[in-house]
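Here is my input, please return the structure:
(one chain, ligands or ions: 2)
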Amino acid sequence: MGADAGGRPLKRRDYDEEDVRVRPGKGSRPRTRRRPTHEDAVEAFVVAVDRGRYTCLVGAEIAGPPARRRGPAPVEVTAMKARELGRKGIVVGDRVGLVGDHSGRPDTLARIVRVEPRTSMLRRSADDNDEVERPIVANADQLVIVTALADPPPRPRMIERLLVAAFDADIEPLLCLTKADLAAPDELVARYAPLGVPHVVVRRNGDLTGVRDRLAGRLSVLVGHSGVGKSTMVNALVPDAGRAVSHVNAVTGRGRHTSSSAVALELPGGGWIIDTPGVRSFGLGHVVTDNVLAAFPDLAEGAVRCPKGCTHRGPDCSLDAWVAEGHADPLRLATLRRLLASRDGAADDD
Ligand SMILES: Nc1nc2c(ncn2[C@@H]2O[C@H](COP(=O)(O)OP(=O)(O)OP(=O)(O)O)[C@@H](O)[C@H]2O)c(=O)[nH]1
Ligand SMILES: [Zn+2]
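Ligands and ions are numbered 1, 2, ... in the order given. Predicted coordinates for the structure are as follows:
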């Protein structure tokens with residue numbers, strides 16, 4: 001399980017497991033009962049979710065520079081999920097179809113009747129040994145791993161977890177090293193650059209050209225431990241971020257929800273960033289072993305010699321020999337094994 005006949009790890013293509021979970025119909029109902037097609041639904045982009053209320057933008061340019069936007073400014077619409085969608089989850093980043101009152105006028109409520117197929121889904125589990133996954137953000141094409149160079153100190157375990165999550169979700173990672181005034185980035189860069197992970201270095205009030213270039217025209221999700229300077233950077237990248245967020249709050253009317261959920265913000269130069277609240281941990285219980293391994297490209301190469309179904313933790317594992325032969329750093333193998341072990345309940349803290 002978890003690999004195809006050629007031993008390659010399976011990639012998730014069924015981005016929405018709820019789509020395929022078919023419920024047995026209630027006897028008398030004809031099986032061919034068709035749902036309304038809602039051909040009149042307008043396209044919208046979900047920028048915030050708060051307890052059953054979805055803040056959606058109608059007419060937003062999701063990729064590419066806003067200069068290319070021809071029509072009028074996007075309209076912010078509050079919507080609820082239509083009954084017919086059942087338990088289907090809707091998250092920030094989703095593209096949806098809206099019916100009903102989508103004027104965006106105060107006290108109006110549209111209905112989401114459709115969720116477009118997703119190009120990616122970033123998920124985490126509550127715990128490593130918990131396979132129940134929580135979808136976080138849909139359709140992102142870049143995962144920005146925000147790490148302070150000091151205060152708080154970098155947490156390599158967390159970085160590696162996020163790299164696994166990015167690989168599993170088929171999202172490109174970007175290491176964003178903040179607080180460069182406090183410590184040099186050399187050590188972290190030396191650790192991740194050989195793995196092909198791109199990086200940018202930022203500091204408060206510093207030049208943001210490097211990170212802006214990486215974010216331009218893309219849908220990036222920012223994840224980091226609390227206190228790494230994520231808000232400081234977001235506010236510098238999106239000068240009216242605070243206003244946008246409080247506007248969203250005003251629409252949903254539920255006070256400050258920025259600390260508890262993700263919010264999508266448009267970059268002045270085009271593209272979107274999805275800011276997520278600071279995380280303490282990032283569970284990987286839902287990731288198949290082969291995808292954990294595949295996120296370690298320096299080791300995955302050596303694992304082709306492993307016995308079929310290798311847990312990569314037992315005495316038959318060929319990775320010990322691979323490392324002994326000098327193909328990879330023993331610390332990397334230790335990291336991989338710690339991660340795999342934590343999925344069986346062992347602690348894996350920084
Ligand atoms: N020295 C230094 N301090 C910074 C820098 N960027 C942010 N800080 C400080 O670090 C602290 C945390 O910054 P925030 O931007 O609030 O961090 P955050 O990641 O958004 O944290 P949460 O809101 O808890 O998720 C604040 O006291 C900032 O002033 C930096 O480049 N250098
Ligand atoms: Zn093995």
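
I'd like the mean pLDDT over stretch 163-176, please.
Across stretch 163-176, pLDDT averages out at 95.

and G206, how far is that from T232?
11 Å (Cβ to Cβ, to the nearest Å). Placement of C-beta: from N, CA and C, glycine included.

cool, V75 as well?
Per Cβ to Cβ, V75 is found 30 Å from T232.

How about D94?
Taken as Cβ to Cβ, the span from D94 to T232 is 28 Å.

Between those two, which has more neighbouring residues?
When D94 and T232 are compared for neighbours, D94 comes out ahead with 24 against 15, by other Cβ atoms under 10 Å.

those helices in this protein, which residues are they?
For the chain, applying DSSP state H gives helices covering 17-20, 156-169, 186-192, 209-215, 230-237, 241-252, 289-294, 297-300, 319-324, 330-342.

quick one, which of those is nearest to ligand 1?
Among the helices of the chain, the nearest to ligand 1 by Cβ to the nearest ligand atom is helix 230-237 (3.1 Å).

Mind listing what's buried along that closest one?
Burial within helix 230-237, assessed by neighbour count using 16 or more other Cβ atoms under 10 Å, is assigned to 230-231, 233-234, 236-237.

For it, list the C-alpha coordinates in PDB.
Only the C-alpha atoms of helix 230-237 are listed here, as PDB (Å, rounded to 0.1, in the frame of the first residue of the first chain):
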ATOM      1  CA  LYS A 230       5.000  36.400  10.100                       C
ATOM      2  CA  SER A 231       2.500  39.300  10.800                       C
ATOM      3  CA  THR A 232       5.300  41.800  10.500                       C
ATOM      4  CA  MET A 233       6.200  40.500   7.100                       C
ATOM      5  CA  VAL A 234       2.600  40.200   5.900                       C
ATOM      6  CA  ASN A 235       1.900  43.800   7.000                       C
ATOM      7  CA  ALA A 236       4.900  45.000   5.000                       C
ATOM      8  CA  LEU A 237       3.900  43.000   1.900                       C
END
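
What residues does the protein have near ligand 2?
306, 310, 312, 317 (Cβ under 5 Å from the ion).

Next, give me the two most distant ones among those residues.
Maximum pairwise distance among the residues of the chain next to ligand 2 (Cβ to Cβ): 6.7 Å, between C306 and H312.

who touches both of those two?
L319 (Cβ atoms under 8 Å, 6 or more residues apart in numbering).

Which of these two has more residues huddled nearby?
Ranked by neighbour count (other Cβ under 10 Å), C306 and H312 place H312 first, with 22 against 18.

ok, the residue nearest to T119 when sequence neighbours are not counted - contacts?
The shortest distance from T119 to any non-neighbouring residue, by Cβ to Cβ, 6 or more residues apart in numbering, is to N139 (5.2 Å). Shown in contact with N139 (Cβ under 8 Å, 6+ apart): 93-95, 118-120, 219.

List only buried entries from those residues.
By 16+ other Cβ under 10 Å, those give 93-95, 118, 120, 219 as buried.

Now render those as TSV, adding distance to H225 and pLDDT.
Shown next, in TSV, are the buried ones among the contacts of N139 (distance: Cβ to Cβ, whole Å; pLDDT from 0 to 100):
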residue	distance to H225	pLDDT
G93	22	96
D94	26	96
R95	30	95
R118	27	95
S120	23	95
L219	22	96
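
quick one on the thing from earlier: mind giving me a markdown table with the helices of the chain and columns for distance to E131?
What follows is the helices of the chain, written out as a markdown table (distance: least, Cβ to Cβ, whole Å):
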| stretch | distance to E131 |
| --- | --- |
| helix 17-20 | 12 |
| helix 156-169 | 13 |
| helix 186-192 | 28 |
| helix 209-215 | 32 |
| helix 230-237 | 28 |
| helix 241-252 | 31 |
| helix 289-294 | 12 |
| helix 297-300 | 22 |
| helix 319-324 | 24 |
| helix 330-342 | 14 |
